[in-house]
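Visitor: Pasted the sequence and its predicted model underneath.
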Amino acid sequence: MFKTIFEKSVPGRCAVLPDPLDVPRAELPEALRRTTPLALPEMSELDVVRHFTRLSQRNYGVDAQFYPLGSCTMKYNPKVAETVAALPGFAQLHPQLSGSEAYLEDCQGALELVYEMERLLAEIGGMNAGCLQPMAGAHGELTGVLLIAAYHRDRGDAARDTILIPDSAHGTNPASAAIAGFKVKEIPSNDTGTIDFDAFKALLGPHVAGVMLTCPNTHGFFEPRVADIAALAHEAGALMYYDGANLNAIMGRCRPGDLGFDVMHFNLHKTFATPHGMGGPGSGAVAVNERLVPYLPSPRVVKTEQGYALGDAEKTMGKMSPFFGSFLVAVRAYAYILALGGEGLKTASGMAVLNANYVLRRLRDTYPAAYDGWCMHECLLTAAELTARKGIRALDIAKALLDRGFHAPTVYFPLTVKEDLMIEPTETESRETLDAFCDALLEIARIAEEDPDQLHHAPTRLPVGRLDEVKAAKELNCADLPG
Amino acid sequence: MNWTPATKSEQAEMLSVIGADSMDAFFDVIPEALRSCDWNLPEGLSEFTLRRELETLAAKNNIQYISFLGGGYYDHYIPAAVDALSSRSEFYTAYTPYQPECAQGTLQAIYEYQSVVSRLMDLECANASLYDGGTAVYEAAAMACRITRRFRVVAHASLHPVWRRMLETHVAGSPITVSDGDGPDGEDVACVIVQNPSFTGDVRDFTALARDCHEHGALLVMAVNPVSLGIIKTPGAMGADIAVAEGQSLGLPLGFGGPYLGILATRTAHIRKMPGRIAAATTDAEGRRGYVLTLQAREQHIRREKALSNICSNQALCALRTLIHLCLLGKTGLEATARACYSKAEYLKSRLDFAKPLNPGATFNEFAVCLPLDAETVIGRLRGKGFLPGLPLAAFGRGGPNDLLIAVTEKRTREELDAFAEALREACHHV
């Protein structure tokens, strides 16, 4: 059994201590003192190092495994970005230097980076201004929806209480809209995997505050009528929100602002290659056009003749983060954008789309595509036919891939397609890797025909087999507590 | 530079397998008029030039100071093993553990993080999903509203003014309202939010307030400085229902504001109303212990607009750093660190007899004084001598022009404290 830190703890051990006290030891008034044992683990440095080194070996990551998780853009995270984010001038810089005029001179480099990064994001998005405050994609969505609300409120148009969102959207879209106080109406997809345009028109009206789109959508298709959708929405007085989850498909080919969007978020951890960190930290920086600039979060970095200073947007919505969002994530993304330049970003998107279409072509005769046509940066296949005929589900295929050294694609999302496999190879993978992955999926399909039961037992080559999720939810053992 | 491996000839071969003429063919679906790409972006850089440019930018920031800056974010020592272990790419290049069998490292680390945070707070469960202290305050407020089905939250004067403003911004469209107060002043109050130590460093016992809240059907939400819990009374022991904290002080670099970690812990009774991902222990078919994400039906990817929150992140890399930090310090190290912060702050206080103390009682590692001179002027003078003397409270709307908030961590030596006290005295008396 792989022990926990508590099972490895030995009373009296300690790895790191501060210097011995060089001032008199002070005592808190008794009523304010901790009354319970501080039940933290007691370990030597080697105990800790070995524990976490071994834990790391029980993980798949992009550096060791192909990780074609659809909609997550698991591209390679360049090492140089880690190096520059660790520079002491960034990593050790106290954020409160921006909290007082008196200290702004001491953080000019950081303010310059924020200013330049926001400018680059606005340029990539075809927008007027960027803002680094949102600390994750969903936080960017919330920021964007609150900006839309502030815009309508300011115009005395507060009766707009509904946001339209396609059925293929990420769950965060409706959740963010609901948190911001909006009702959510779902736009259905048509049989080509894109928005049902007539249904969209029927949903529009004076109660609609905004339309949130992901483009290309999670079926892997560019919305062919996106410009018409934006024009109609604007005619009806609604604003357009661009979910940047799939921006990695279109850089250098078109810009959300030019397509008619008013506000967008970027996932710096997807498009601009910052590490996903097992789920976070990310950054959900937003960019807006001139309609929404007056409402941006406080403060804004401005460039003056004396250097970089802080100011507020005229009717600021308030604060989404205490300072400038996930600053060290932005440093990595800034390095990535500077390294690639405009041409490099265009190549990245082009290769992401080429790789996805290559995988689609190699697999679609075995695993049918959910919809016809070339895809953008990800392809959506379905195992529904194998499920019906052989009882092999997308989940079984996912687990069998793990045994073959590949991370699984996204399964069971989007909710619009049954038993789906959503594969996003990204541009940083080589043809050999794509071929090896496709070969593995084809082999799994053969096993499904000949010996399907074998697949129900996968994975068998990992530290644990399939885990009992019902037991986990029933027993709810979520912490090892003393006593 | 770029990170795309495909050569021209490989691209051509792949295009021919696909049956496409060129890469452009995939983009024909974009209406021609919208295919604008005269964007104004720079040319790419070599790795060498890139590093040089970023090094130049970093050098424009001044970190060569003896710092007394705090205001919720503190300059603590981070052991080398925290960086060494958290920079293993098996951790940082992985994603949310959707496939638990190949993510046991992540899941066990989150489970252990939930455990150490619960132990630190004297509560029963926790999660690793929130972004920072300010958003954790907002999520705790929203959670209290879900639990009590009431919609007013009372913000106590001890709460960080920036977190308070973030709370107001986040609830702007929702039915939740925020009012000032020091107790549950009505039947519509979902929770009272206090901070201990307060924004200006005051340490209090909120046990009576917790009781008062419960008698009125409200919850007590307590924001804490996690390092202080090495020696001060815990939220659990005072009867708080939800505890939140900024995790930066536990192993995260200051990093000019992020990424940080929102810590949130609560009692088991409220776990189903808690936002974010939760790891739980279970077993596989052979009885081997393992960990999975549980209670996922609360979350956005399943519940969409009916989800508890829109949280999708799992701030796991930051939580991992905090976990490793707490393992290295352990029981003895965290207590010694908290003791050092407290004792050194008390020592510095004793050296500032020329400034008027503003805190009414005990403080932890931060305190406020009223100087004989305005704070901005004093800051200007001390910067020239290599000190960052603290934060002018007027900038936060929490004091007069002469009020200064001073933080002391275990990193400050007695010599530095003596030199700082002298320099501050001189700056105040030199007209």
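Guide: Yep, that arrived.

Visitor: Partner strands of the helix or strand that contains residue B:195, with direction?
Guide: Using DSSP states H and E, residue B:195 falls within strand B:189-196. Using DSSP bridges, strand B:189-196 pairs in its sheet with strand B:152-155 (parallel), strand B:219-224 (parallel).

Visitor: what's the next secondary structure element after that strand?
Guide: Following strand B:189-196 toward the C-terminus (DSSP H and E): helix B:207-215.

Visitor: What's the mean pLDDT across that following helix?
Guide: What helix B:207-215 shows for mean pLDDT is 98.

Visitor: what's the angle from that helix to strand B:189-196?
Guide: With axes from the mean of the first three to the mean of the last three CA atoms, to 10 degrees defining the directions, helix B:207-215 sits at 170 degrees from strand B:189-196.

Visitor: Which parts of the stretch 151-300 of chain B are strands?
Guide: With strands called from DSSP state E, counting those that start in this stretch, the stretch 151-300 of chain B shows them at B:152-155, B:177-180, B:189-196, B:219-224, B:242-246, B:262-266, B:278-283, B:289-294.

Visitor: what sits up against stretch B:292-299?
Guide: A:171, A:467, A:469, A:472-473, A:476, A:478, B:97, B:100, B:107, B:271-272, B:274-275, B:277-280, B:282, B:302-303, B:307-308, B:311-312 (CB atoms under 8 Å, 6 or more residues apart in numbering or on different chains). For glycine as for every other residue, the C-beta is placed from the backbone atoms N, C-alpha and C.

Visitor: can you tell me which helix in chain A is longest?
Guide: helix A:327-363 (DSSP state H).

Visitor: Next: chain B.
Guide: Scanning chain B for the helix with the most residues, using DSSP H, yields helix B:316-351.

Visitor: which strands and helices sit next to the helix or strand just after that helix?
Guide: As assigned by DSSP H and E, the chain's next helix or strand after helix B:316-351 is strand B:356-357. Secondary-structure packing of strand B:356-357 (3 or more CB pairs under 8 Å, 6 or more residues apart in numbering or on different chains; DSSP states H and E): strand B:366-370.

Visitor: Tell me what angle the next helix or strand after the strand it packs on forms with strand B:366-370.
Guide: Moving toward the C-terminus from strand B:366-370, the next helix or strand (DSSP H and E) is helix B:375-383. Put simply, helix B:375-383 runs at 110 degrees to strand B:366-370, going by the same axes, to 10 degrees.

Visitor: can you count the residues close to residue 333?
Guide: Just going to use chain A. As a burial measure, residue A:333 scores 26 neighbours (other CB atoms under 10 Å in any protein chain shown).

Visitor: nope, chain B
Guide: Neighbour count for residue B:333, taken as other CB under 10 Å: 22.

Visitor: Then residue B:123?
Guide: Other residues close to residue B:123 by other CB under 10 Å number 25.

Visitor: That one contacts residue B:238, doesn't it?
Guide: No. If you go by CB atoms under 8 Å, residue B:123 and residue B:238 don't touch, sitting 11.0 Å apart.

Visitor: residues contacting residue A:307?
Guide: Per CB under 8 Å, 6+ apart, neighbours of residue A:307: A:104-105, A:108, A:111.

Visitor: and if we set it to 7 Å?
Guide: In this structure, residue A:307 makes contact with residue A:108, judged by CB atoms under 7 Å, 6 or more residues apart in numbering or on different chains.

Visitor: The one 3 residues further on now?
Guide: The contact partners of residue A:310, taken as CB under 7 Å, 6+ apart, are A:98, A:299, A:301.

Visitor: Surely residue B:378 touches residue B:371?
Guide: Yes. Proximity of residue B:378 to residue B:371 meets the contact threshold set by CB atoms under 7 Å, at 5.7 Å.

Visitor: List the residues that are in contact with both of the two.
Guide: B:404, B:428.

Visitor: hang on, the earlier thing: so can I have JSON lines of the strands of the stretch 151-300 of chain B showing mean neighbour count and mean pLDDT?
Guide: As requested, those are arranged in JSON lines below (neighbours: other CB atoms under 10 Å in any protein chain shown; pLDDT from 0 to 100):
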{"stretch": "strand B:152-155", "mean neighbour count": "25", "mean pLDDT": "98"}
{"stretch": "strand B:177-180", "mean neighbour count": "14", "mean pLDDT": "98"}
{"stretch": "strand B:189-196", "mean neighbour count": "27", "mean pLDDT": "98"}
{"stretch": "strand B:219-224", "mean neighbour count": "29", "mean pLDDT": "98"}
{"stretch": "strand B:242-246", "mean neighbour count": "30", "mean pLDDT": "98"}
{"stretch": "strand B:262-266", "mean neighbour count": "29", "mean pLDDT": "98"}
{"stretch": "strand B:278-283", "mean neighbour count": "24", "mean pLDDT": "97"}
{"stretch": "strand B:289-294", "mean neighbour count": "23", "mean pLDDT": "97"}
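
Visitor: Could I get the ones you listed in TSV, plus columns for distance to residue B:385?
Guide: Below are those laid out as TSV (distance: least, CB to CB, whole Å):
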stretch	distance to residue B:385
strand B:152-155	38
strand B:177-180	39
strand B:189-196	32
strand B:219-224	34
strand B:242-246	30
strand B:262-266	36
strand B:278-283	49
strand B:289-294	52
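
Visitor: Nearest to residue A:312, out of those?
Guide: strand B:177-180 (20.4 Å; CB to CB).

Visitor: Mind checking if the closest one is in reach of chain A?
Guide: No. Contact of strand B:177-180 with chain A (CB under 7 Å from any CB of the partner chain) is absent, the minimum separation being 11.5 Å.

Visitor: what number of residues lie near residue 161?
Guide: Defaulting to chain A. So residue A:161, with other CB under 10 Å, has 14 neighbours.

Visitor: sorry, should have said chain B
Guide: 17.

Visitor: doesn't residue B:394 make contact with it?
Guide: No. Assessed by CB under 7 Å, residue B:161 is found out of contact with residue B:394, at 11.5 Å.

Visitor: residues touching residue A:390, list them.
Guide: Contact analysis of residue A:390 by CB under 7 Å, 6+ apart lists A:448-449, A:452.

Visitor: Any idea which helix or strand in chain B has the lowest mean pLDDT?
Guide: Every helix and strand of chain B was ranked by mean pLDDT, DSSP states H and E. The lowest is helix B:300-303, at a mean of 79.

Visitor: can you count the residues close to residue A:97?
Guide: For residue A:97, using other CB under 10 Å, the count is 28.
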